[in-house]
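A.B. asks: A predicted structure for the sequence below; I have some questions about it.
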Amino acid sequence: MLGQATLNIKQKFPQIEAIGHFHDGNVIVVPKAQEVEVIDYFNKQVKVLGQEAGLSYPQSVEVKEVYR
């Protein structure tokens with residue numbers, strides 16, 4: 001689910017860079033001007049993919065670190 005969501009945001013925002021993908025997290029580089037838009041879109045993608053998978057609770061993205 002996280003991998004597919006990452007591919008979806010990469011398609012919508014081709015300027016982002018995924019520099020690490022793990023089982024339970026990603027490291028992505030996002031232009032500062034699009035930070036909120038990308039995180040919001042990522043959350044929407046994860047929520048939709050979770051619903052499509054039939055999960056019983058809503059999924060969301062947790063941003064743990066922001067480097068500027």
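C.D. replies: Cool, the structure landed. Numbers count the residues shown, from 1 in each chain.
A.B. asks: Can you tell me which residue is spatially central in this protein?
C.D. replies: In the chain, the centroid-proximal residue (Cα atoms, centre = their mean) is Phe42; its distance is 3.6 Å.
A.B. asks: Show the pLDDT at it.
C.D. replies: pLDDT recorded at Phe42 is 92.
A.B. asks: SS state for it?
C.D. replies: Three-state assignment for Phe42 (DSSP: H, G, I helix; E, B strand; the rest coil): helix.
A.B. asks: From Arg68, how far out is it?
C.D. replies: Using Cβ to Cβ, to the nearest Å, one gets 18 Å for the distance from Phe42 to Arg68. Where you see a C-beta, it was placed from the backbone N, CA and C, and this is true even at glycine.
A.B. asks: re earlier: residue contacts, the residue nearest to the centre of the chain?
C.D. replies: 5-6, 9, 61 (Cβ atoms under 8 Å, 6 or more residues apart in numbering).
A.B. asks: Looking at neighbours, which among these is most surrounded?
C.D. replies: Top of these by neighbour number is Ile9, holding 24 neighbours under the definition other Cβ atoms under 10 Å.
A.B. asks: ok, now which residue in this structure is the farthest from the centroid?
C.D. replies: Here the chain has its C-alpha centre computed as a mean, and the residue farthest from that point, by Cα atoms, centre = their mean, is Ser56 with 19.9 Å.
A.B. asks: So it lies in a helix, does it not?
C.D. replies: No - inclusion of Ser56 in a helix is not indicated when three-state DSSP is applied; the result is coil.
A.B. asks: avg pLDDT for the host helix or strand of Leu7?
C.D. replies: For Leu7, the enclosing helix or strand under DSSP states H and E is helix 2-12. Across helix 2-12, pLDDT averages out at 91.
A.B. asks: mind saving the C-alpha coords of it as CSV?
C.D. replies: Presented in CSV, the C-alpha positions along helix 2-12 are these (Å, rounded to 0.1, in the frame of the first residue of the first chain):
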residue,chain,number,x,y,z
LEU,A,2,2.8,2.4,0.9
GLY,A,3,4.7,1.5,-2.3
GLN,A,4,1.6,2.1,-4.5
ALA,A,5,0.8,5.4,-2.7
THR,A,6,4.4,6.5,-3.4
LEU,A,7,4.1,5.6,-7.0
ASN,A,8,0.9,7.6,-7.2
ILE,A,9,2.3,10.7,-5.7
LYS,A,10,5.4,10.4,-7.9
GLN,A,11,3.1,10.4,-10.9
LYS,A,12,1.2,13.5,-9.8
